[in-house]
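> Give me coordinates for this.
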Amino acid sequence: MKIKWLFTTLLILLMIAVIGRMVHHGAPYFEFTNAFACQLSLILLLATAFLHRFDKKLVIRWFLFVLLYALIPLTQLFTGEKVHSHAFMASFFFGSFIFCSICNLVYLIRIIKNNTVRRILLAVPSFLWFLSLIYPMMFYGYTMVEHAVFDQPIVSAIVHTNPIEVVSYLTSNYSASELVLYLSGIFVFAALLVYLAVKMNSSAAARELSAGQFVPAVAVALCCSSILAVSTVQLSNKGFDCLARQIISFANYVANSYTEFRDSRIRLAQSTVVELKNPEMKPSLFVLVIGESASSRFLQSYGYPQPTDPVTTEFLHKNELTGADLENPKSLNSINSINFTHAYSSYPQTIESLSLSLSGANQYNGKVLNEMLTLIDAARLAGFETFWIGNKQSESVGFTPPVTRIAQTADHSLFIPDSYIPKYGKYPYDEEILNNLPQLNPDRNTLVIINIKGSHTKYFERYPEKFDVFHDDPDAVINEYKNSLLYSDFVLSQLLDHFKSQPGFSAFIYFSDHGVEPAFKGDDHNVSKFTFSMVTIPFWVALSDKYVGDNAGTVRAMLDNRDKCFTNDLIYDFMLGLMGIRIESLDNREVDITSSSYSIDRQNCLTLYGKQRIDNDPKY
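Alright, predicted model coming up:
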């Protein structure tokens, strides 16, 4: 009895300390630290022990459950990452926090007298037990299979993928027998977890309480649940400094930021002043083609010894623009090219990369997606008619990604269905875009953005049989990758031929979302296996002779900067400069490669969202 009173007194004192801290810092806006999160976890542990009369079976289950979470940092050590000792302690308290929270929820439901209501409500904690048990196993399972850490980039890749990409990834990495084995194991394991979840509910059953104990017991349980509710809100992105918590915080951040992006773009479009630098500019056409998974390390136009993009290579060489051409306009070709020699992606995954490419946020200005106007909104506010044509599925497994939201804001958007087309025998090839090109209004400034499927895995599904020409490499996957690049070269040449004949044609721009390491197969752009081939990309522009003549200063700056380092999160600034669009609140000259003030070079050029310096690339 004395022990119970001791625990009760300690619990009350801790609650008073928490409430006092909330009042002092202005709840619910107080600063949540790792230590304070662990303090809350300890309160819940003491409350649970008190409510369940220090049940020995429950203590054993608590220990085993917490151990699952406490050992998660071992997956980081296994893959060579440095882990601070406090990560283990934070993981321990985070696991305890989850266990006790669900236990107390079960307790509250168990004291309901109506059997039918109680049974229905118990389905909720059963589901929570299932989720909380399978969650830590994801970390161990992923590390065992992939020899990498289940971290934020992996979560991002999962929520941004679609069912077809999931199937492609699995079949690229595993044989049919391996998939059957893994899926069978997952099914058995899931069944075991369901059984354990039901047993966990049983172990958290409320003991019989006398009338004198009933009211105070419920009061303590409700008090703990209130603390849980407050802590859940406050811990959305803080507290429990460990990998298990960081993944949940990251998922919350992504979901919230994309929701905020949807709401903020309307506000930004209404409050931002956008205008043309030259209001008298005659109707002009700009075409931006976004490639997929094209690594410049495998392109002939960037020094690769085989003709993987022969048409582009010949075009860039034959129509290369020089400073002398600016001095003597009569020497200009009808179309003139500038190839940027050191172009990189800001991130080796599509959504992360293009979210920055198509908005004013980048690695250098510290802005986030929902704080900046998008490229399409800027063009529309400047009077451009905008088009988006994509040979990629518009939706993902998790939610609508920002790139799709940006695409859907164009005046005209078309997504070619990512489904079986009999005349191809597989999925739609990129030349299907050629059959869906829009009719343009020659009396308006126009921006056309085309997103091709390019070299997205599986590579052999990206090109027709007649482009199956490379068979020299012992690794068949690398041959397939080179074939996909060859086919993209053909598609690009067809697109350029079409648009350069359109009235008002000014510029045709091509860049890729990211590169790949094709030898890694399904992990060809997996951040946890990063190589610089995953972020080296092509980036070039074709300009009409009229555009060159009318914009000599802009063209001169591009020529001066073409051998400097460039990352594709700056495509937004490049396009604004190229199209002559000025945003009143934006001074981006130092990151605009069409400006003489451009200051990005090898020393300050970044990738992986600022975590990796391009200067570390041994093949720069």
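> Per-residue pLDDT of Gln76, please?
If you check Gln76, the pLDDT there is 86.
> That one: neighbouring residues, count only.
Counted with other CB atoms under 10 Å, residues neighbouring Gln76 total 19. Using the backbone N, CA and C atoms, a C-beta is placed for each residue, glycine as well.
> A strand includes it, no?
No. Using DSSP: H, G, I helix; E, B strand; the rest coil, the assignment for Gln76 is helix, not a strand.
> Contact partners for it?
Gln76 makes contact with Lys82, Val83, Ala87, Val149, Leu243 under the criterion CB atoms under 8 Å, 6 or more residues apart in numbering.
> can you do 7 Å?
Going by CB atoms under 7 Å, 6 or more residues apart in numbering, Gln76 touches Val83, Val149, Leu243.
> Just the ones of those residues in helices?
In this view, these that belong to helices under DSSP state H are Leu243.
> Any quick PyMOL command for the buried ones out of the contacts of Gln76?
In PyMOL, this line selects whichever of the contacts of Gln76 come out buried by 16 or more other CB atoms under 10 Å:
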select buried, resi 83+149+243
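> which one of the contacts of Gln76 sits closest to Ser296?
Nearest to Ser296 out of these is Val149 (CB to CB; 28.4 Å).
> How much space separates the closest one from Val527?
Look at Val149 and Val527: by CB to CB, to the nearest Å, they are 10 Å apart.
> got the contacts of Gln76 as CSV, with distance to Lys199 and pLDDT columns?
Converted to CSV, the contacts of Gln76 look like this (distance: CB to CB, whole Å; pLDDT from 0 to 100):
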residue, distance to Lys199, pLDDT
Val83, 32, 82
Val149, 31, 84
Leu243, 27, 80
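> can you list the contacts of Gln76 in TSV and add distance to Ala378?
Output for the contacts of Gln76, formatted as TSV (distance: CB to CB, whole Å):
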residue	distance to Ala378
Val83	43
Val149	38
Leu243	38
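> out of the contacts of Gln76, who's nearest Tyr107?
Closest approach to Tyr107 among the contacts of Gln76 (CB to CB): Leu243, at 29.4 Å.
> And the strands in the protein?
Along the chain, the stretches classed as strands by DSSP state E are 274-276, 285-291, 335-339, 342-344, 385-390, 412-415, 446-451, 505-512, 539-544, 565-567, 581-583, 606-607, 612-613.
> pull the CA atoms of the third one into CSV?
Read that as strand 335-339. Taking C-alpha atoms only, strand 335-339 is exported to CSV below (Å, rounded to 0.1, in the frame of the first residue of the first chain):
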residue,chain,number,x,y,z
ILE,A,335,18.3,28.1,-84.3
ASN,A,336,21.3,28.3,-81.9
SER,A,337,22.3,26.1,-79.0
ILE,A,338,24.0,26.5,-75.6
ASN,A,339,25.0,23.4,-73.6
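> mean confidence score for it?
So the average pLDDT for strand 335-339 ends up being 95.
> quick check: angle from that strand to strand 539-544?
Angle of strand 335-339 versus strand 539-544, following axes from the mean of the first three to the mean of the last three CA atoms, to 10 degrees, is 160 degrees.
> So which elements touch strand 335-339?
If you count contacts as 3 or more CB pairs under 7 Å, 6 or more residues apart in numbering; DSSP states H and E, strand 335-339 packs onto helix 310-318, strand 539-544.
> Quick one: closest of the ones you listed to Lys453.
Taking CB to CB, helix 310-318 is the member of the helices and strands packed on strand 335-339 nearest to Lys453, at 17.4 Å.
> Any idea how far the closest one is from the middle of the chain?
Centroid separation between helix 310-318 and its chain, computed with CA atoms, centre = their mean, to the nearest Å, is 33 Å.
> what about the strands of the chain, which gets the closest to Val555?
For the strands of the chain, the distance to Val555 is smallest for strand 539-544, at 6.8 Å, taking CB to CB.
> mind listing what the closest residue to Tyr463 other than its chain neighbours touches?
Once flanking residues are discounted, Tyr463 sits nearest to Tyr487: 3.6 Å by CB to CB, 6 or more residues apart in numbering. For Tyr487, the contact set (CB under 7 Å, 6+ apart) comprises Arg462, Tyr463, Phe467.
> Looking at per-residue confidence, what score does Tyr487 get?
Value for Tyr487, per-residue pLDDT: 97.
> Same question for the one 5 residues further on.
In the predicted model, Leu492 carries a pLDDT score of 97.
> Is there a neighbour count for it? I'd like the number.
By other CB under 10 Å, the residues close to Leu492 number 25.
> what's near enough to touch Leu105?
Pro125.
> Would you mind measuring from it to Ile248?
As defined by CB to CB, Leu105 lies at a distance of 18 Å from Ile248.
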